[in-house]
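Chemist: got a predicted model here, sequence first, then my questions.
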Amino acid sequence: MNTNAYKSLLNELDAGKKAVMVTIMNDKENERNASPEKIVITEEKLRVCHSIDNLDGIIYQKAQLALESGNIQFVKGQDTITHLMEPYFPEPRLIVLGGGHIAKPLVEFGARLGFLVTVIDDRPSFANEGRFPDAERVICESFERCFDLLSVNESAYVVIVTRGHRHDLDCLRQVLKYRTAYIGMIGSKRRVKSVKEQLLGEGYSQEQLNKVNAPIGLDIGAVTPDEIAISIIAQVIGYRRLTGAASGNASASKINWPELDRAVLEELGKGENDPKAVVTVISTKGSVPRKAGAKMLVWPCGRTLGSIGGGCSEGEIIHMARDILRDGGCRIHQIDMTGQIAEDEGMVCGGIMEVLIESCSEK
């Protein structure tokens with residue numbers, strides 16, 4: 001069932017790392033009913049190696065492209081072997097240090113944009129779920145000790161908006177120990193300069209301090225807490241979506257952020273022997289309800305987990321998945337949501353999705 005591959009993938013994502021899962025499908029007559037083989041290639045391995053296991057150079061290059069662009073790659077060989085390369089990016093985490101008047105709208109905007117948000121403040125009246133209902137976690141702890149409770153890694157976007165100079169320093173000293181996707185600190189130019197000079201005197205390098213966006217946010221003339229929060233979250237989005245944003249590169253290129261259905265991956269990583277089919281959106285064209293990478297599980301009884309968009313089209317895929325569970329193997333199917341089909345189903349979509357349906361049960 002490729003359980004180890006899914007466990008390995010989840011371990012990478014939990015560590016804040018990117019990875020590519022390669023699915024190898026064999027159309028040989030005697031292999032059609034077998035479940036596809038899966039290999040997880042870590043970001044580090046792609047960075048330092050020039051070949052991966054038994055995969056040829058073209059597959060290796062396509063795996064690199066998948067990771068760099070965030071787009072699924074699909075290679076059909078001249079023989080009967082087909083490779084699907086799915087990039088996986090960890091969920092972005094927004095860590096807000098300080099629970100004051102700017103943090104409140106910032107947490108709301110971050111959660112609405114798909115970030116898993118954690119808020120930290122040392123005051124119980126500011127660090128509570130009633131004040132931050134949209135946050136995944138609210139921690140009441142000192143800024144010196146809170147980092148032992150956090151998972152700060154390369155998928156973390158850290159925003160320092162504390163109430164004072166001393167707390168800013170405490171937070172920045174801690175954050176600079178980690179590799180993060182983004183660091184931003186609020187404050188006037190004079191206050192920021194003072195903080196950086198003090199840290200330089202403590203032995204922090206100019207290179208480390210250059211990674212800190214301070215004063216924080218895009219320069220849009222923001223005045224109110226809501227406006228300042230918008231300027232901050234807009235800058236964070238730039239770091240998430242654009243390569244080169246971290247270096248201020250004007251020619252930064254856009255990165256696709258693939259869909260991630262964690263509940264589906266966790267179910268696949270359990271190693272349970274009950275038969276189920278995995279449905280994966282592998283390509284899209286036009287307006288569709290889910291992007292490439294979206295997944296759904298289908299059990300023989302018709303029970304499902306996850307979704308590829310709902311509607312009659314999903315119902316058709318569920319029937320096909322149950323057939324594949326009976327016969328084994330995998331199949332690629334096109335879902336047409338254009339024209340009359342979309343109109344009949346009352347959908348605003350008007351695109352086409354290709355989905356891979358594969359059996360997870362051993363035949």
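Modeler: Done, it's in.

Chemist: rest of the way, CA atoms for contacts and neighbours
Modeler: Noted.

Chemist: could you give me the buried positions within stretch 2-13?
Modeler: 2-10, 12-13 (16 or more other CA atoms under 10 Å).

Chemist: same check on stretch 109-123?
Modeler: 109-111, 115-122.

Chemist: in strands, which of those residues fall?
Modeler: When strands are assigned by DSSP state E, the members of the buried residues of stretch 109-123 inside them are 116-121.

Chemist: for residue 297, state which of these is nearest.
Modeler: Using CA to CA, residue 116 comes nearest to residue 297 of these, at 23.9 Å.

Chemist: picking up where we left off before, let me know the closest of the ones in strands among the buried residues of stretch 109-123 to residue 313.
Modeler: When these are compared against residue 313 (criterion: CA to CA), the nearest one is residue 116, at 30.7 Å.

Chemist: the closest one and residue 225: what is the separation?
Modeler: 21 Å (CA to CA, to the nearest Å).

Chemist: and if you look at residue 121?
Modeler: Here residue 121 is placed at a distance of 18 Å from residue 225 (CA to CA).

Chemist: which residues does residue 212 bridge with?
Modeler: Residue 212 has these beta-bridge partners by DSSP bridges: residue 183.

Chemist: I'd say it and residue 186 touch.
Modeler: No - applying CA atoms under 8 Å as the test, residue 212 and residue 186 come out as separate, 10.2 Å apart.

Chemist: so between the two, which is more surrounded?
Modeler: Higher neighbour count among residue 212 and residue 186: residue 186, with 23 against 20, using other CA atoms under 10 Å.

Chemist: close enough to count as contact, the more buried one and residue 164?
Modeler: No - shown here, residue 186 and residue 164 do not form a contact pair, counting by CA under 8 Å, at 9.9 Å.

Chemist: so which residues of the stretch 251-363 of the chain form helices?
Modeler: Taking DSSP state H, counting those that start in this stretch, the helices of the stretch 251-363 of the chain run over residues 262-268, 311-327, 339-345.

Chemist: thinking again about what came up before, in helices only, show me the buried residues of stretch 2-13.
Modeler: Using DSSP state H, the subset of these located in helices is 3-10, 12-13.

Chemist: farthest-separated two in the residues you listed?
Modeler: 3 and 13 (15.5 Å).

Chemist: run through who's touching stretch 156-164.
Modeler: Contacting residues not belonging to stretch 156-164 are listed as 16, 92-100, 102-103, 121, 168, 171-172, 175, 180-186, 236 [CA atoms under 8 Å, 6 or more residues apart in numbering].
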